[in-house]
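Undergrad: I'll drop the sequence and a predicted model, then ask my questions.
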Amino acid sequence: MQQQTHPTPLRPKVELPRDTLAAVRNGMRCKCPKCGTGSLYRAYLKVADTCPSCGEALHYQRTDDAAPWGVMLIVCHIVVGGVLAMEQAWAPDLWVTLAIWFPITIGLCLVLLPIVKGLFVGLQWGLRMHGFGQGPDPADPQPAPVASRPQ
């Protein structure tokens, strides 16, 4: 008599919950969102393909325009408030206003860009977005099927 073997049901791989807040904090420190020790960037705003410390794949990140948008939101509030307060208090000439606030604006943007981009990379990693989780991202658009034309 032959012994029948029953295939074992495939169990989905259980993903452990990720500490999103810690991942965001690590990203804002420009560190790997997973381990918090490896560098997030290989250049000023170029995210490393993998973490040099833990080997986590970081190439899935898609921050696109989110970081510049966030920086503009922060910097514009600071600069507009500062310019208006300075105009009300001292009313300096235009060249004085530009000489003060133009370098402050550029400096704030350059300092905040890697921090805000790290925030978004950490958020994506923590929420398993764009390939940071198991399998394809359900939010990714699927290619439309190509209809074959009769010839």
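TA: Received it, and whenever you're ready, just let me know what you need. Note that the structure is predicted; figures quoted are calculated from it, not measured.

Undergrad: Please count neighbours and contacts with C-alpha atoms only from this point.
TA: Noted.

Undergrad: Low-confidence stretches in the protein?
TA: Low-confidence segments of the chain (pLDDT under 70): 1-14, 135-144, 148-151.

Undergrad: Can you list the buried residues in the longest helix along the chain?
TA: Using DSSP state H to define each element, the chain has its longest helix at helix 94-126. Residues 101, 108-109, 112-126 are the ones in helix 94-126 that count as buried (16 or more other C-alpha atoms under 10 Å).

Undergrad: number of nearby residues for Pro145?
TA: 6 (other C-alpha atoms under 10 Å).

Undergrad: likewise Val146?
TA: Applying the criterion other C-alpha under 10 Å, we find 6 residues in the vicinity of Val146.

Undergrad: Now it, what are its backbone angles?
TA: Torsion angles at Val146 (phi, psi; degrees, to the nearest 10) stand at phi -90, psi 120.

Undergrad: again, but for Lys31
TA: phi -120, psi 160.

Undergrad: From Asp49, how far off is Gln134?
TA: 18 Å (C-alpha to C-alpha, to the nearest Å).

Undergrad: neighbour-wise, which of those two wins?
TA: Taking other C-alpha under 10 Å, Gln134 and Asp49 do not tie; Asp49 has more neighbours (16 against 12).

Undergrad: OK, contacts around that one?
TA: Shown in contact with Asp49 (C-alpha atoms under 8 Å, 6 or more residues apart in numbering): Ala57, Leu58, His59.

Undergrad: in the sheet, who's paired with the first one?
TA: Residues found in beta-bridge contact with Ala57 (criterion: DSSP bridges) are Thr50.

Undergrad: How many residues are close by it?
TA: Neighbours around Ala57, by other C-alpha under 10 Å: 17.

Undergrad: The one 3 residues further on too?
TA: Around Tyr60 sit 18 other residues, with neighbours defined as other C-alpha under 10 Å.

Undergrad: so how far is Cys35 from it?
TA: According to C-alpha to C-alpha, Tyr60 and Cys35 sit 17 Å apart.

Undergrad: do the same with Leu98
TA: Distance of Leu98 to Cys35, given as C-alpha to C-alpha: 43 Å.

Undergrad: Please apply the same query to Gly70.
TA: In terms of C-alpha to C-alpha, Gly70 sits 25 Å off from Cys35.
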